[in-house]
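**Student:** can you look at this prediction? I've put the sequence above it.
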Amino acid sequence: MDHVRRVSTSEGVVSWQQLKQFSYLGEPVELASAAKGIFKPRQLALPISIRTTPPRDGLDAPYEDEVSEDEFLLYRYRGTDPNHPDNAGLRAVMTEGLPLLYLHGIARGIYHVSAAAIVDDDRADLTFKAVLADLQVAGSGTELTTLNDRDRSYQMRLVKTRVRQQAFRVRVLAAYRSTCALCRLRHAELLDAAHIIRDVDGGRPIVPNGLSLCKIHHAAYDANIIGIRPDLVAEIRGDVRREVDGPMLAHGLQEFHGKTIRTPRSPSTAPEPTALEQRYEEFLAAS
């Protein structure tokens, strides 16, 4: 967990390559398997990680369907035999009170990682119940099974929020080839996935409701300084176009008035016209 915490982003995103870099006492140790959801390295007697496969159709996986109403992860057995070695291994992990890495696939080769503790085993439903928490919580020495209901629910909500946010960002940036749709900046660390229809307004975290924008253009879009018409042409708010301030304003905003934004190659991931129209109406009202 210390290794994964070091190599992952502050939001808990880790690549498959980073997972493969772990070694202990000079010996490589596998942390996960591409072929198995429940994974035990050859050096250990018990599993060390559980994994959810990334979606393959570009849409969000039904993460909420894997969480119970009382905010526990519901992790399905491997197959239907409760005594399969993988299922028996997780049962032993629960008995021993050991933590696990939980890897939630958000895109091919990209995972959100958190800590998990198995707390219940429903053989009739072929399901394990687990507590999820941020890796920092597990690293602080806190026993996940001792979290009270309030803290446990908070940790689960935090994990779910981060999974949605990071999955949205990864997929939007991939669709736009890690390029700002407006200024063509290609530094991924300076790019955001901007919602066309905001979360609070019912916008879904899917690529057609997203735009890859650099941080300044994302902020300007959210502030309705930039508007994007349904025909994919950008407009800069009139009062900002008339300002005289310096090269950043002139070249960072004003010169993009009337420019056509770049969109993904695949029509299935292009901005949704009705979403653009709704958001453009908001821009006009703000203008």
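**Tutor:** Arrived safely, thanks for sending.
**Student:** got the contact list for Asn148?
**Tutor:** Contact criterion C-beta atoms under 8 Å, 6 or more residues apart in numbering gives no residues in contact with Asn148. In this view, the C-beta of every residue, glycine as well, is placed from N, C-alpha and C.
**Student:** same question but for Arg262, I mixed them up
**Tutor:** For Arg262, the contacting residues are 176, 179, 181-182, 184, taking C-beta under 8 Å, 6+ apart as the criterion.
**Student:** how about Pro47?
**Tutor:** Residues counted as contacts of Pro47 (C-beta under 8 Å, 6+ apart) are 38-40, 86, 89-90, 93, 100.
**Student:** what does Leu182 give?
**Tutor:** Residues in contact with Leu182, defined by C-beta under 8 Å, 6+ apart, are 213-214, 217, 226, 234, 256, 259, 261-262.
**Student:** list of residues touching the helix or strand harbouring Phe283?
**Tutor:** Here Phe283, judged by DSSP states H and E, is contained in helix 273-286. The contact list for helix 273-286, computed with C-beta under 8 Å, 6+ apart, reads 196-197, 203, 208-209, 224, 226-230, 232, 235, 237.
**Student:** ok, and the most crowded of the residues you listed?
**Tutor:** Sorting the contacts of helix 273-286 by how many neighbours each has (other C-beta atoms under 10 Å) puts Ile226 first, at 25 neighbours.
**Student:** about what we covered before: list the buried residues of the helix holding Phe283.
**Tutor:** Residues of helix 273-286 classed as buried under the neighbour-count rule (16 or more other C-beta atoms under 10 Å) are 275-276, 279-280, 283.
**Student:** how much space separates Leu103 from Thr80?
**Tutor:** 23 Å (C-beta to C-beta, to the nearest Å).
**Student:** tell me which of the two has more neighbours.
**Tutor:** The neighbour count for Leu103 versus Thr80, taken as other C-beta under 10 Å, is higher for Leu103 (26 against 9).
**Student:** give the contact list for that one.
**Tutor:** 14, 19, 32, 49-52, 111-113 are the contacts of Leu103 under C-beta under 8 Å, 6+ apart.
**Student:** now, which of the residues you listed lie within helices?
**Tutor:** Secondary structure defined by DSSP state H assigns Leu19 of the contacts of Leu103 to helices.
**Student:** and the contacts of Leu103, which of them are buried?
**Tutor:** With neighbours counted using 16+ other C-beta under 10 Å, those contain these buried positions: 14, 19, 32, 49-52, 111-113.
**Student:** drop anything exposed from the contacts of Arg262.
**Tutor:** 176, 179, 181-182.
**Student:** need those in JSON lines with secondary structure, can you?
**Tutor:** Supplementary listing: those in JSON lines, determined by DSSP: H, G, I helix; E, B strand; the rest coil:
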{"residue": "Tyr176", "secondary structure": "coil"}
{"residue": "Thr179", "secondary structure": "coil"}
{"residue": "Ala181", "secondary structure": "coil"}
{"residue": "Leu182", "secondary structure": "coil"}
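**Student:** let's have those residues in TSV, adding pLDDT.
**Tutor:** Rendered in TSV, the data for the buried ones among the contacts of Arg262 read as follows (pLDDT from 0 to 100):
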residue	pLDDT
Tyr176	96
Thr179	97
Ala181	97
Leu182	97
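**Student:** distance to Asp134 for those - can I get that in a markdown table?
**Tutor:** Written out in a markdown table, the entries for the buried ones among the contacts of Arg262 read as follows (distance: C-beta to C-beta, whole Å):
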| residue | distance to Asp134 |
| --- | --- |
| Tyr176 | 29 |
| Thr179 | 31 |
| Ala181 | 32 |
| Leu182 | 34 |
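**Student:** what sits closest to Ile48 if chain neighbours are left out?
**Tutor:** Leaving out its chain neighbours, the residue that sits closest to Ile48 by C-beta to C-beta, 6 or more residues apart in numbering is Pro41, at 5.9 Å.
**Student:** let me see the contact set for that neighbour.
**Tutor:** With C-beta under 8 Å, 6+ apart, Pro41 has these contacts: 29-31, 48.
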